[in-house]
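S.K.: Provided below are the primary sequence and the corresponding predicted coordinates.
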Amino acid sequence: MARDLTPGTGIRKGRLRVYLGSAPGVGKTYRMLDEARRRQERGADVAVGYIECHGRRHTEGMLDGLEVLPRVQRSYRDAEFDEMDLDAVLTRRPSVVLVDELAHTNIPGGRHAKRWQDVEELLAAGIDVITTVNIQHLESLNDVVQKITGIPQRETVPDEVVRRADQIELVDMAPQALRRRMAHGNVYRAEKVDAALSNYFRVGNLTALRELALLWVAGRVDEGLRDYRASHNIDRVWETRERVVVALTGGPEGETLIRRAARIADRTAGGDLLAVHVTRSDGLAGASSGALAQQRQLVETLGGSYHVVVGDDIPTALLTFARAHDATQLVLGTSRRGRINRFLTGPGIGETTVDDSEDIDVHMVTHEFTGRGRLPSLGRRHSKRRTIAGYAAGLVVPWLLTAILSQAHESINLTTDALIFQLGVVIVALLGGAISALLASVSASLLLNYYFIPPIHALTIGETNNIVALVVFASVALAVATIVDHASRLTSRAARATAEAETLSTLAGSVLRGADALSALMEKSRTAFGMQAVALLSRVDDEVLAHSEAEHQDDADGQSETTEVPVGADAVLVLTGRRLPAADQRVLTAFAAHVAVALERDRLAMVAAEVEPIKAADRMRTALLAAVSHDLRTPLAAALASVGSLRSPDVEFSPEDQAELLATADESLVKLTRLVDNLLDMSRLQAGALTLHLAETHLDEILPRALDSLPDPYAPIQPLDLDTAPPVLADPPLLERVLANVITNALRYNAPGAPVLVTASHHADQVEIRVIDRGPGIAPEERDRVFLPFQRLGDTDNTTGVGLGLALSRGLAEAMGGSLEVEDTPGGGTTMLLTLPAATREEPVHEWTN
C-alpha cells in the first residue's frame with residue numbers, strides 16, 4: 001500500500017515494534033531478545049544493532065546465537081563511549097534489527113542527535129526495528145514523572161514517534177515484584193540497591209508509573225480501535241467499555257440525572273461518566289450558566305468529564321457525541337413540558353432520541369420537575385411602556401394606512417393595498433412583538449375587506465378569488481410578523497448573551513489576577529451592574545465581610561432599591577442602587593458562585609492559619625511530656641544507684657569500684673544536665689518565650705555529636721553520603737536529639753553484627769535522612785503505634801526505657817517543619833525516614849517563636 005512506502009523511494013517502509021516498560025528493570029530488553037530469538041528460529045535475518053544489558057547475566061545469556069553488529073566509539077569530554085554504528089546497520093541491512101533505549105541521546109559526532117532519529121532512518125530504509133523505551137521517557141509525561149519521582153528526565157522521545165509504531169507491547173510488573181527483583185540483585189549492582197529502593201523505586205512511585213503506562217497504552221488501544229472502525233465504515237457502538245453519557249440542559253433536574261448516571265457507571269468496573277451540554281450554534285442558550293457550573297463541578301467530583309457540543313438539532317448532537325465516544329448508555333430527563341405544550345409542539349427531545357438511538361440504551365429518568373414547564377411563549381417580553389405602544393400601534397397603524405390608501409384608491413390596485421398593509425403588520429411586530437402583530441393582522445384584514453374588496457363598505461366578499469386572497473394575506477402577514485419577531489428576539493438575546501459573557505469573564509479574571517479576591521469582586525460587581533454600593537454580609541451577625549461604594553452617589557429621587565443574593569449558607573450579597581431586571585439577576589446568581597468560592601477560600605486559609613499554632617503547641621506539649629517521663633528516668637536512676645551504693649555502709653568497695661561508680665554517676669549527671677537544658681528550652685518554646693533557631697545545619701557535623709550521646713560509643717554505625725547531602729533547615733540541638741533517639745532505637749532491634757546505616761538524599765526542596773536496621777521489622781498495622789507513648793516492639797526489655805523515644809522524635813521533627821515515618825528495609829528490617837526542609841546557602845537563619 002502507498003502509505004507503507006517511504007516517500008520518494010518506492011521502498012517498503014520498515015515496521016516498528018516497541019516494548020514499553022512501566023519502569024526500569026521490568027524486563028523490556030529481555031522480552032525484546034526473546035522476540036528476536038523467536039523470529040530467528042522462524043528463519044528471519046535478525047541482527048543486534050545496540051543492546052544495553054547493564055551487567056544482568058540473564059539478559060546477556062539471551063544474546064547467545066544472535067549476530068551482534070560492531071559499535072562505533074566516539075570521544076566526548078576526554079572519555080570514550082560506545083554508540084550504535086548506523087552506517088554498519090545500513091550496510092549489513094538485516095530484515096530485523098534490535099535497537100535498545102529509544103530515548104537515548106547520541107554522543108556528538110553522529111548523523112542524528114537522538115537514537116529515535118536513527119531508528120526513523122532505519123525504518124525509511126525498509127528495515128524492521130524492535131526497540132524499547134520506558135514510560136518516563138515520553139515527552140508528554142516528562143513533567144508528571146518529575147512531580148512523582150522528584151527526578152527530571154533529560155532523555156525524552158516524542159509521543160508521536162511511539163504512537164506511529166505498528167505494535168506496542170506493554171512490559172509490566174507489580175511494584176512489590178520489581179522491588180524483590182532489585183533486592184535479589186537482578187536489576188542493579190548490590191551497592192546501588194538500597195539507594196534505589198529508598199528513592200526512585202518506592203512502591204508509591206512504581207505504582208504511579210505503572211498507572212501512567214497502563215493509561216497511555218489504553219489510550220493508544222482506543223485510537224487503534226477508532227481507526228479500525230473508521231477504515232471499515234463501522235458506525236455501530238462496540239461495547240468494549242461501559243460509557244454512560246448524561247445530557248444536561250442546565251435545568252433544576254440536572255443533579256438528579258448526574259447522580260443516576262454515576263450510579264449506572266459505577267455498576268461496572270472501569271465505567272466512564274461523560275456529561276454533555278448541547279448549545280445552539282448561534283450561542284443563544286437559554287440555560288443558566290450558574291446552574292451548569294454547579295453541575296459541572298458535581299460531575300468532576302464524581303470522577304466524570306464535562307463536555308459542551310454545538311448543534312441546533314439536539315437529539316442528533318447527543319447521539320453523534322455518544323457514538324463518537326463509544327457510549328453504551330444515554331441518560332435523559334423526562335420532559336418538563338406540560339401536556340398542552342407537548343400537544344402544541346409535538347414530540348420532544350427524549351422521544352426523538354429514543355427513536356434514533358439504535359444500539360445505545362436510553363434511560364428516561366423521572367424527576368420532580370416533570371410536566372411543570374410553561375406554555376410556549378407567544379412573544380418576547382418588553383417593558384410595560386413598549387407593550388402598550390405595541391398594542392396601540394396594532395390598532396392605529398391599520399386605520400392610518402386605510403386613510404392614506406383611500407386617498408389613492410384610484411391609482412393603486414388591491415395587490416398593492418395588501419402589500420402595504422403587510423408592511424404595516426411587520427412594523428408593528430418589530431415594535432410590540434407577535435401579539436401586537438396578531439392584533440394588527442386581524443385589524444388589517446377587516447379593513448382591507450371593508451374598504452378595498454368589492455362590495456365596498458361591507459364585510460361580505462363577492463368573489464371567491466378575493467376570499468382566497470384575503471385569507472392568504474392574513475396568513476402571510478401573521479407568519480412574516482412571527483418570523484420578524486423571532487429574529488428580533490434572537491438579536492436581542494445575542495446582544496444580551498455577549499454582554500453577560502463579557503461580564504462573567506471580567507469577574508472571573510479579577511478573581512484570578514487579584515491578590516484580594518473578595519475586594520476585587522465587590523468592585524467589579526458594583527461597576528458591572530451599575531450599583532451605588534455592594535456589600536457581602538455574614539448571616540450570623542451581619543458582619544461586613546467586604547464592600548464597595550461609589551465615590552459620588554446620586555440618590556436624589558430616593559428610588560434606590562436593595563437586591564439580596566445568597567452566597568453559600570453563611571453569607572448574602574447586598575446590592576444597593578437601581579432595580580435589577582430578571583436577566584441581570586440571572587447573571588448575578590452566576591456571579592455569586594464566584595464570590596462563594598473566593599469566600600470559602602479565604603475562610604479555609606484563615607482556619608488553617610489559626611489551627612497551625614495550636615497544632616505546633618500540641619506537638620511541643622506531647623514531646624515535653626514524653627521526654628519528662630522517659631529520658632529523665634534513665635540517667636536519674638543510674639546516678640541515684642551509683643551514689644546510693646557508695647553511701648551504703650553494708651558494702652566496702654575497692655578503689656577501682658568506687659572510681660567506676662563515680663564515673664557512672666558523673667556520666668549520668670552530665671546526660672541529665674544536657675537533657676534538662678533541652679527540656680527547659682522546649683518548655684520555654686511551649687510557653688512562647690523561646691525562639692527556635694532554624695539555621696543551615698550540616699548533617700556530617702550533627703551526626704558525630706548525636707553518636708557521642710549514645711549509650712555505646714562503639715556501636716556499629718555506618719554513615720553514607722552525609723557529606724554530599726545539602727544542609728537542612730533545622731535547630732541543631734533538636735536535630736541532634738532526634739538522630740540520637742532514632743539511632744538508639746535502631747541499635748536496640750538491629751541484627752547482631754550488622755551495622756546501622758545512616759544515609760541522606762536530596763529530593764526537590766527536602767532532604768531525606770534514613771536510619772536503616774536489619775532487625776525483625778514492623779508490621780504495617782503496627783507502624784503508627786510505635787510513635788505512641790509507652791509502645792515497645794513486643795513489649796519486652798524495658799530496662800533501657802519505657803518506649804517514648806520515637807514519640808519525642810516525631811514531635812521534634814514536626815516542630816522543625818519535617819516528619820518521621822516508618823518504611824520497610826529491603827531484605828528485612830526497619831527504615832526510619834526523617835524528612836527536613838533543605839536550606840540554601842543564601843537562606844538566612846530563621847527565628848520562629850511559638
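M.R.: Looks like it came in fine.
S.K.: where does the prediction get shaky in the stretch 151-300 of the chain?
M.R.: By pLDDT under 70, the weakly predicted segments of the stretch 151-300 of the chain are 191, 219, 222-241, 268-270, 280-289.
S.K.: all the strands of it, residue numbers only.
M.R.: All strands of the stretch 151-300 of the chain, identified by DSSP state E, counting those that start in this stretch, fall at 167-171, 243-248, 272-279.
S.K.: for the ones you listed, which one sits closest to residue 832?
M.R.: Proximity to residue 832, assessed across the strands of the stretch 151-300 of the chain by C-beta to C-beta, is greatest for strand 167-171 (34.2 Å). Quick note: C-beta positions are derived from backbone N, CA and C, even for glycine.
S.K.: what packs against the closest one?
M.R.: Judged by 3 or more C-beta pairs under 8 Å, 6 or more residues apart in numbering; DSSP states H and E, the packing partners of strand 167-171 are strand 16-21, helix 28-41, helix 203-231.
S.K.: same thing but 7 Å
M.R.: Applying 3 or more C-beta pairs under 7 Å, 6 or more residues apart in numbering; DSSP states H and E, we find strand 167-171 packed against strand 16-21, helix 203-231.
S.K.: picking up where we left off before, out of the strands of the stretch 151-300 of the chain, flag the one nearest residue 725.
M.R.: Among the strands of the stretch 151-300 of the chain, strand 167-171 comes nearest to residue 725, with 34.2 Å by C-beta to C-beta.
S.K.: and among the strands of the stretch 151-300 of the chain, the most buried is which?
M.R.: Per residue and on average, the most neighbours among these fall to strand 243-248, with a mean of 26 (mean count of other C-beta atoms under 10 Å).
S.K.: and that one, what does it pack against?
M.R.: Applying 3+ C-beta pairs under 7 Å, 6+ apart, one finds that strand 243-248 contacts helix 254-266, strand 272-279, helix 314-324, strand 329-333.
S.K.: as a markdown table, the strands of the stretch 151-300 of the chain with distance to residue 157 would be great.
M.R.: Shown next, in a markdown table, are the strands of the stretch 151-300 of the chain (distance: least, C-beta to C-beta, whole Å):
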| stretch | distance to residue 157 |
| --- | --- |
| strand 167-171 | 13 |
| strand 243-248 | 31 |
| strand 272-279 | 29 |
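S.K.: find the nearest non-adjacent residue to the residue nearest the centre of the chain, please.
M.R.: Geometric centre of the chain, nearest residue: residue 300, 9.7 Å, by C-alpha atoms, centre = their mean. Counting by C-beta to C-beta, 6 or more residues apart in numbering, residue 306 is the residue found nearest to residue 300 once chain neighbours are left out, at 6.5 Å.
S.K.: quick one, the host helix or strand of that neighbour and helix 314-324 angle?
M.R.: Per DSSP states H and E, residue 306 falls inside strand 305-310. For strand 305-310 against helix 314-324, the angle by axes from the mean of the first three to the mean of the last three C-alpha atoms, to 10 degrees is 130 degrees.
S.K.: how about residues contacting strand 305-310?
M.R.: Residues from elsewhere that reach strand 305-310 (C-beta atoms under 7 Å, 6 or more residues apart in numbering): 274, 275, 276, 277, 278, 279, 281, 296, 299, 300, 317, 321.
S.K.: now do it against helix 254-266, angle only.
M.R.: 120 degrees.
S.K.: relative to the whole chain's centre, how far out is strand 305-310?
M.R.: 18 Å (C-alpha atoms, centre = their mean, to the nearest Å).
S.K.: can you list the strands that it pairs with?
M.R.: Strand 305-310 has the following strand partners under DSSP bridges: strand 272-279 (parallel).
S.K.: list the contacts of the partner strand.
M.R.: Contacts of strand 272-279 (C-beta under 7 Å, 6+ apart): 241, 243-248, 250, 258, 261-262, 265, 285, 287, 292, 299, 302-311, 314, 317-318, 321, 325, 327.
S.K.: let's go with 8 Å and repeat that
M.R.: Strand 272-279 is contacted from outside by 241-250, 258, 261-262, 265, 285, 287, 292, 295-296, 299, 302-311, 314, 317-318, 321, 325, 327, using C-beta atoms under 8 Å, 6 or more residues apart in numbering.
S.K.: PyMOL command for the buried members of these?
M.R.: Buried residues within the contacts of strand 272-279, by 16 or more other C-beta atoms under 10 Å, are selected in PyMOL with:
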select buried, resi 242+243+244+245+246+247+248+249+250+258+261+262+265+285+287+292+295+296+299+302+304+306+307+314+317+318+321+325+327
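S.K.: coming back round to it: adding distance to residue 214, write the helices and strands packed on strand 243-248 out as a markdown table.
M.R.: Shown next, in a markdown table, are the helices and strands packed on strand 243-248 (distance: least, C-beta to C-beta, whole Å):
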| stretch | distance to residue 214 |
| --- | --- |
| helix 254-266 | 19 |
| strand 272-279 | 15 |
| helix 314-324 | 23 |
| strand 329-333 | 24 |
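S.K.: beta partners of residue 821?
M.R.: residue 833.
S.K.: what about it, neighbour count?
M.R.: 15 (other C-beta atoms under 10 Å).
S.K.: which residues touch it?
M.R.: 783, 832, 833, 835.
S.K.: look at the closest residue to the first one other than its chain neighbours and report its pLDDT.
M.R.: The spatial neighbour of residue 783 that comes closest, neighbours along the chain excluded (C-beta to C-beta, 6+ apart), is residue 822 at 4.3 Å. On the pLDDT scale, residue 822 is placed at 91.
S.K.: circling back to that earlier point, need the contacts of residue 821 in a markdown table (columns: pLDDT, neighbour count and distance to residue 216).
M.R.: Supplementary listing: those in a markdown table, determined by pLDDT from 0 to 100; neighbours: other C-beta atoms under 10 Å; distance: C-beta to C-beta, whole Å:
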| residue | pLDDT | neighbour count | distance to residue 216 |
| --- | --- | --- | --- |
| 783 | 81 | 14 | 33 |
| 832 | 92 | 27 | 36 |
| 833 | 92 | 16 | 30 |
| 835 | 93 | 17 | 31 |
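S.K.: for those residues, give me CSV that also has distance to residue 729.
M.R.: Below are those laid out as CSV (distance: C-beta to C-beta, whole Å):
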residue, distance to residue 729
783, 26
832, 20
833, 17
835, 12
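S.K.: what bridges to the residue nearest to residue 300?
M.R.: Here residue 306, judged by DSSP bridges, has bridge partners residue 275.
S.K.: and it, how far from residue 275?
M.R.: Here residue 306 is placed at a distance of 5 Å from residue 275 (C-beta to C-beta, to the nearest Å).
S.K.: got the residue ranges for the helices in the stretch 551-700 of the chain?
M.R.: Per DSSP state H, counting those that start in this stretch, the stretch 551-700 of the chain carries helices over the ranges 582-630, 633-647, 655-686, 699-708.
S.K.: residue 129: which element?
M.R.: Secondary structure from DSSP H and E places residue 129 in strand 128-134.
S.K.: and the next element down the chain from that strand?
M.R.: On the C-terminal side of strand 128-134, the nearest following helix or strand under DSSP H and E is helix 142-149.
S.K.: quick one: contacts for the residue nearest to residue 783?
M.R.: 778, 783, 786, 830, 831, 832, 833.
S.K.: look up how far residue 707 lies from the nearest residue to the third one once chain neighbours are set aside.
M.R.: Same thing as residue 786. Among residues not flanking residue 786 along the chain, residue 806 sits closest, at 5.5 Å (C-beta to C-beta, 6+ apart). Between residue 806 and residue 707 the distance is 18 Å, computed by C-beta to C-beta.
S.K.: returning to that earlier point: which of the helices and strands packed on strand 243-248 sits closest to residue 12?
M.R.: Proximity to residue 12 (C-beta to C-beta) singles out helix 314-324 among the helices and strands packed on strand 243-248, at 33.7 Å.
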